[in-house]
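> Provide a 3D model corresponding to the input given below.
(one chain, ligands or ions: 1)
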Amino acid sequence: MEIDIVSPSELNSFSQCPKKWYLGKIGRTGIAIDDSHMIFGREVHKVIGSYFSRISDNPTDDEIDYQIDETFQEELSLKDGRFNQKLQRIISNFKAFEKERRKKWKVYRPVFVERKVVYKPFKGVVDFYGLNDGVVIDWKTGGSAELYDSEIRQGNVYKFLLENNSYPVKKILFCFLDLGRALEVPMTTVGWVMKEYNNMVDMVRHNQFPKRESKLCEQWCPYILDCQFCKMCLWEGM
Ligand code: SF4
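Sure, this is the predicted structure:
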């Protein structure tokens with residue numbers, strides 16, 4: 001197996017568990033897992049992207065409040081009532097963040113939102129790229145408002161992609177909307193990012209897909225049965 005272009009989520013998925021990545025890659029069906037959080041996050045990203053196409057260049061606080069409410073009301077297709085409270089927190093924190101940003105940034109509106117950017121060997125979708133000397137914002141609807149290796153990997157792949165597409169990057173912010181916190185991702189070197197990629201390429205080339213078991217296996221891995229029983233003969237000893 002060979003790999004060519006990878007996204008930060010693939011890089012992270014491989015790092016979390018190479019076996020899970022491999023089973024997904026070869027098309028194992030797996031068991032159904034609860035993907036409602038992923039669907040909710042995708043919907044919120046879509047609505048935020050749409051908000052930026054509606055808002056004016058220099059909005060007042062009232063306009064920000066109004067447009068955010070209006071866009072969420074008109075464009076969010078969310079049927080799962082379990083997310084109602086979380087959604088209210090997200091809307092309220094997004095409004096607060098945007099009103100603060102409006103005061104501080106010379107140019108309020110982004111250069112682009114939700115854009116796919118490619119530069120070999122990476123690809124990715126950048127949530128928000130703004131002037132203010134080049135700030136990347138990634139909206140998070142879940143998570144624990146901490147920066148782990150996965151966030152550092154993701155943020156720095158975005159930096160690599162943008163800078164190689166002539167968009168300078170001064171800062172990468174991860175905004176945890178549910179918790180109302182924005183954290184700045186530490187910048188690494190291009191060498192660090194490439195080392196992460198080369199490590200994955202090497203392991204794939206040598207067919208090394210070790211299991212990385214964790215307490216999350218049962219919650220997030222559709223291949224748990226495949227993983228547990230792959231070397232077992234079920235009728236042995238009958
Ligand atoms: S069950 Fe756990 S160890 Fe096995 S493939 Fe899935 S994530 Fe990896």
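
> Please make it C-alpha for all contacts and neighbour counts, starting now.
Will do.

> residues touching the nearest residue to residue 172 once chain neighbours are set aside, list them.
Of all residues not flanking residue 172 in the chain, residue 136 sits nearest, at 4.7 Å (C-alpha to C-alpha, 6 or more residues apart in numbering). With contact taken as C-alpha atoms under 8 Å, 6 or more residues apart in numbering, residue 136 is in contact with 126, 127, 128, 129, 130, 169, 171, 172, 173.

> Using a markdown table, lay out the residues you listed together with pLDDT and distance to the ligand.
Output for the contacts of residue 136, formatted as a markdown table (pLDDT from 0 to 100; distance: C-alpha to the nearest ligand atom, whole Å):
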| residue | pLDDT | distance to the ligand |
| --- | --- | --- |
| 126 | 97 | 26 |
| 127 | 97 | 27 |
| 128 | 97 | 30 |
| 129 | 97 | 33 |
| 130 | 94 | 36 |
| 169 | 96 | 33 |
| 171 | 95 | 32 |
| 172 | 96 | 29 |
| 173 | 96 | 28 |
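
> need those residues in TSV with neighbour count and distance to residue 118, can you?
Shown next, in TSV, are those (neighbours: other C-alpha atoms under 10 Å; distance: C-alpha to C-alpha, whole Å):
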residue	neighbour count	distance to residue 118
126	21	10
127	21	14
128	21	15
129	23	15
130	19	18
169	22	16
171	17	20
172	23	18
173	18	20
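
> distance of residue 178 from the ligand?
26 Å (C-alpha to the nearest ligand atom, to the nearest Å).

> That residue contacts residue 139, doesn't it?
No: Residue 178 is beyond contact range of residue 139, at 9.9 Å (criterion: C-alpha atoms under 8 Å).

> near the ligand, which residues of this structure?
17, 19, 20, 211, 212, 213, 217, 221, 223, 224, 227 (C-alpha under 6 Å from any ligand atom).

> could you dump those residues to TSV with secondary structure and pLDDT?
Shown next, in TSV, are these (DSSP: H, G, I helix; E, B strand; the rest coil; pLDDT from 0 to 100):
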residue	secondary structure	pLDDT
17	coil	94
19	helix	94
20	helix	93
211	coil	93
212	coil	93
213	coil	92
217	helix	87
221	coil	90
223	coil	91
224	helix	89
227	helix	84
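
> Which one (most neighbours) among the residues you listed?
In terms of neighbours by other C-alpha atoms under 10 Å, the residues of the chain next to the ligand top out with residue 20 at 24 neighbours.
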